[in-house]
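Participant: Quick one, structure for this:
(chains A, B, C and D)
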Protein chains: 2
Amino acid sequence: MTALEVACSECGLDPMCQVLDYSEQGSGVPPGVLLRRQPVMKGEKLFSVNQPFHAVYAIKSGSFKAIVPDMTQGERVVGFFLAGDLIGAEGMANRQYSYTIRALEQSSVCVLELARLSETGRSTEAIQGALIEMLGREVALNHLVTTSLIQQNADQRMAAFLISLSRRSVTRGFTSDQLGLNMSRSDIASYLGLARETVSRILTRFQNSGLIRLRKHNLKLLNRIGLEKVASSR
Amino acid sequence: MTALEVACSECGLDPMCQVLDYSEQGSGVPPGVLLRRQPVMKGEKLFSVNQPFHAVYAIKSGSFKAIVPDMTQGERVVGFFLAGDLIGAEGMANRQYSYTIRALEQSSVCVLELARLSETGRSTEAIQGALIEMLGREVALNHLVTTSLIQQNADQRMAAFLISLSRRSVTRGFTSDQLGLNMSRSDIASYLGLARETVSRILTRFQNSGLIRLRKHNLKLLNRIGLEKVASSR
DNA sequence: CGCCACTTTGATCCATGTCAAATGCGGTGG
DNA sequence: CCACCGCATTTGACATGGATCAAAGTGGCG
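Facilitator: Residues are numbered from 1 along each chain as shown, chains lettered A, B, ... in the order given. Coordinates of the predicted model:
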């Protein structure tokens, strides 16, 4: 059950890896600046909210959730991250992380220790260029996500959520119609702002109408066109 | 009725202005790279969705809304921008803007033509550093906004919205309890994902319970503590 | 002064939350 | 290997917040 890895070329950290020329041995980059393929156990944290910022992470395989404390419900899910995604960049400006990251399954990540970049001997210009590229993508991505969730009914949100997962999966080089739904129904509910009962009902309804097939945590999109229609209908 | 201006030190574009040393005459920066205090009429667009990216804007005075086309309702409001805010950075990575920006009132902006930065003669390193600073703040900010809106009831959303406006206003050096609500009720409704009737009802209810005072488009927060209680209650 | 767009207020309806109970499933210990 | 327990998920019944429909103010501007 080894999870699939993304290719480096599809990874959010790639601009920086190119600069560091990490594929080469003897690149002169000191050890500990860029850690590759660190394993992370299911349930383990990458970092916690308010912890001082020190590194950005890229998911090589597996998946994670981002959570923030919430006095009413304990925790609130504010995002899911899949292989290829970059995690932690939002902590850069504030010098501390703004959410807690927890692995949804056995995963692996690459870790870039930002403070130690100057030790690499690479030109500041090249490093900064890579940072700009990474941050720019991040800004664009966040904006996309923000737009979608509010002011849609439960069916639309769920359909949009599934499509977005699938789309992210396919841009990272995986199959587009088959993917692991490793988060719990409660996690999905929290993320979409719905009750978990509603999530459950919608998923079974989608299944009964032939849009998806769901076995445990394995999801197959049977009718993408239909899902897209649901997501955009009113 | 001249709108108040933010100080440069509070502006989202400031890191770059510092690098360009724009306050000096004879700084050697060619004309047209950084335009200051361009007036924008009420209703005028800064740029439109899908238009090729060329510049980022900083609001010197006034306010704007960000809208995206929506087949069902014509347009959807995805954000409001106040004096000091940076607009357009999300277009950098994709090379095109992802929403349309329209002025809510007579306003003024500073415009930075990004493609022409190299003409300034400033060191690439300094320019890149400024870009990183700007983008980093942007990432952090977007994340903050995203988190708040979903999974809250109408009262909470409205209270959070008013508080956020006030907070942004005060961090930019304006008074915290008095501010212009220059968008229409429909705009607020679209942004918060509510019906405009609901927005109207909530505002009158807030007013009747002494939380705010609303005269036309002039809003005064009378009881911030009360509002915060509404925003976080469940 | 009068028109038109925006806003407010009222009445009704429906989607989704909430509460409750049944079912399924994985892990553990005998 | 099986029986049992605890937790996640599903399903059902009901309550309600906010959408929708309708109509009456209100204010800005020609």
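Participant: List phi and psi for the closest residue to residue A:81 other than its chain neighbours.
Facilitator: Sequence neighbours aside, residue A:64 is the residue nearest to residue A:81 in space, at 4.5 Å (criterion: Cβ to Cβ, 6 or more residues apart in numbering or on different chains). Where C-beta positions appear, they are placed from N, C-alpha and C, glycine not excepted. The phi and psi torsions at residue A:64 (degrees, to the nearest 10) take the values phi -140, psi 160.
Participant: Now do the contacts for residue A:64.
Facilitator: Applying Cβ atoms under 8 Å, 6 or more residues apart in numbering or on different chains to residue A:64 gives the contacts A:46, A:80, A:81, A:87, A:101, A:102, A:103, A:104, A:107.
Participant: If we use 6 Å, what do you get?
Facilitator: With contact taken as Cβ atoms under 6 Å, 6 or more residues apart in numbering or on different chains, residue A:64 is in contact with A:81, A:101, A:103.
Participant: Quick one: buried ones out of the residues you listed?
Facilitator: Buried by 16 or more other Cβ atoms under 10 Å in any protein chain shown: A:81, A:101, A:103, out of these.
Participant: Can you read off the pLDDT for the second one?
Facilitator: Taken from the predicted model, the pLDDT recorded for residue A:101 is 96.
Participant: likewise the first one?
Facilitator: We have a pLDDT of 93 for residue A:81.
Participant: Need phi/psi at the spatially most central residue of chain A.
Facilitator: Taking Cα atoms, centre = their mean as the criterion, residue A:81 is the residue nearest the geometric centre of chain A, at 1.5 Å. Residue A:81 has phi and psi values of phi -130, psi 140 when expressed as degrees, to the nearest 10.
Participant: The one 5 residues further on too?
Facilitator: With angles defined as degrees, to the nearest 10, residue A:86 shows backbone torsions of phi -100, psi 130.
Participant: which residue packs closest to it, ignoring adjacent ones?
Facilitator: Take residue A:86 and drop its neighbours on the chain: the residue closest to it by Cβ to Cβ, 6+ apart is residue A:12, 3.1 Å away.
Participant: Alongside DNA strand C, which residues does chain A contribute?
Facilitator: Taking Cβ under 7 Å from any atom of the strand as the contact definition, chain A meets DNA strand C at A:153, A:154, A:155, A:193, A:194, A:195, A:197, A:198, A:216.
Participant: Next, the fifth one: secondary structure please.
Facilitator: This points to residue A:194. Here residue A:194 is recorded as coil under DSSP: H, G, I helix; E, B strand; the rest coil.
Participant: For the residue nearest to residue A:86, give its distance to DNA strand C.
Facilitator: The gap separating residue A:12 from DNA strand C is 31 Å, by Cβ to the nearest atom of the strand, to the nearest Å.
Participant: and what of residue A:227?
Facilitator: With the distance defined as Cβ to the nearest atom of the strand, residue A:227 ends up 16 Å from DNA strand C.
Participant: how about the residue nearest to that residue when sequence neighbours are not counted, secondary structure?
Facilitator: Beyond its immediate neighbours in the sequence, the residue positioned closest to residue A:227 (Cβ to Cβ, 6+ apart) is residue A:159, lying 4.8 Å away. Residue A:159 carries the three-state label helix when classified by three-state DSSP.
Participant: quick one: residue A:159 from DNA strand D, how far?
Facilitator: Distance, residue A:159 to DNA strand D, by Cβ to the nearest atom of the strand: 16 Å.
Participant: Give the burial count for that residue, as a bare number.
Facilitator: Residue A:159: 24 surrounding residues under other Cβ atoms under 10 Å in any protein chain shown.
Participant: ok, it - contacts?
Facilitator: For residue A:159, the contact set (Cβ under 6 Å, 6+ apart) comprises A:227, A:230, A:231.
Participant: for residue A:168, same thing?
Facilitator: The neighbours of residue A:168, taking Cβ under 6 Å, 6+ apart as the test, are residue A:82.
Participant: Find the closest residue to DNA strand D in chain A.
Facilitator: Here chain A gets closest to DNA strand D at one residue, residue A:200, 3.1 Å apart by Cβ to the nearest atom of the strand.
Participant: buried stuff in the helix or strand of chain A with the lowest mean pLDDT?
Facilitator: Comparing every helix and strand of chain A by mean pLDDT, DSSP states H and E singles out helix A:124-149 as the least confident one, with a mean of 78. Under the neighbour-count criterion of 16+ other Cβ under 10 Å, helix A:124-149 has A:126-143, A:146-149 buried.
Participant: Could you list which residues are in contact with residue A:180?
Facilitator: Taking Cβ under 6 Å, 6+ apart as the contact definition, residue A:180 lies against residue A:217.
Participant: What lies in contact with stretch A:95-104?
Facilitator: For stretch A:95-104, the external contacting residues (Cβ under 6 Å, 6+ apart) are A:40, A:42, A:44-53, A:63-68, A:78, A:87, A:90-91, A:182-183, B:143.
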